[in-house]
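K.L.:
From the sequence below, what's the structure:
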Amino acid sequence: MLGSSLVLKARMDHGPLEEVSAVTWEWEPETGNATDRVTLASCPGRGLECTGMRPNVHVNVEQQETTLHINGYSGAESRVYTVTVMDHKGAATSAHCIVRTYEAVHHVSVSVNVSHSSLVCGEAWGTEPLFSWFHESVAITETVGRVSRDGTTLIVTKTPICGHFTCIVSNKLGHSSATYTAAPCEIEGRGTTAAAVLCPVLLLLFGGVLAFLLWRRHRHSNRGERLHEHLDETI
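P.N.:
Prediction:
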């Protein structure tokens, strides 16, 4: 990562009768000519002082290990590093290491493979990407689908494919996401809920009509009694 320290270690396995006479660290561009190779440090054997180092580069050699330490990685140090070990007979052995800058996640996308009922998540060039899948903001369960070992593919078992499927890609520098939107999912139990709501409404309406009819009947009965009493008094 930018601003961090770069540490490269090389193990040197040799027999009891062998002896390291020199260790050399070099670097070169990942794409270029061999003439672009630059010596960072040259160490004449174990325990001796290394020469030719840059101010931010430190190298040390021990019995079976040599270490290259660069402070303040800026990105310009993204190169191919070569360490060469020479024994007391002049035989040389080399090892290489490619160092690249740790990149944030960029340009996440989700594509659908209808024939295989699967969704594929991809991103541009992030380092060590980790993939996570969600359906309607909830982590994927077995009722929805299963995720491939590398996390890039979601095999959907839910039928039909519906709702929002989100892929989140993250690494040490942050995260980014993309969403595939299918047709809206039907709400389970909607018909039962509607019936449960409708029954009390019908009961209320029936009760209201019954109360109204009883009220009218009681009203007409009272009017008949008053009319009968009025006729008796007149006679």
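
K.L.:
Give me the local confidence score for L198.
P.N.:
Looking at L198, its pLDDT stands at 50.

K.L.:
make that L173, sorry
P.N.:
According to the model, L173 scores 95 on pLDDT.

K.L.:
Check which residues of stretch 10-26 are buried.
P.N.:
Across stretch 10-26, burial judged by 16 or more other CB atoms under 10 Å covers A10, M12, V20, S21, A22, V23, T24, W25, E26. C-beta coordinates here come from the backbone N, C-alpha and C atoms, glycine included.

K.L.:
Including pLDDT, secondary structure and distance to T93, could those residues go into CSV?
P.N.:
Written out in CSV, the entries for the buried residues of stretch 10-26 read as follows (pLDDT from 0 to 100; DSSP: H, G, I helix; E, B strand; the rest coil; distance: CB to CB, whole Å):
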residue, pLDDT, secondary structure, distance to T93
A10, 95, strand, 10
M12, 90, coil, 9
V20, 88, strand, 10
S21, 90, strand, 12
A22, 92, strand, 11
V23, 93, strand, 11
T24, 95, strand, 11
W25, 95, strand, 14
E26, 95, strand, 14
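
K.L.:
Please identify which of these is nearest to S4.
P.N.:
For these, the residue nearest S4 by CB to CB is W25; the value is 18.9 Å.

K.L.:
how close does the closest one get to D36?
P.N.:
Using CB to CB, to the nearest Å, we find W25 at a distance of 15 Å from D36.

K.L.:
just to revisit the earlier point, which of the buried residues of stretch 10-26 lies closest to V169?
P.N.:
A10 (33.4 Å).
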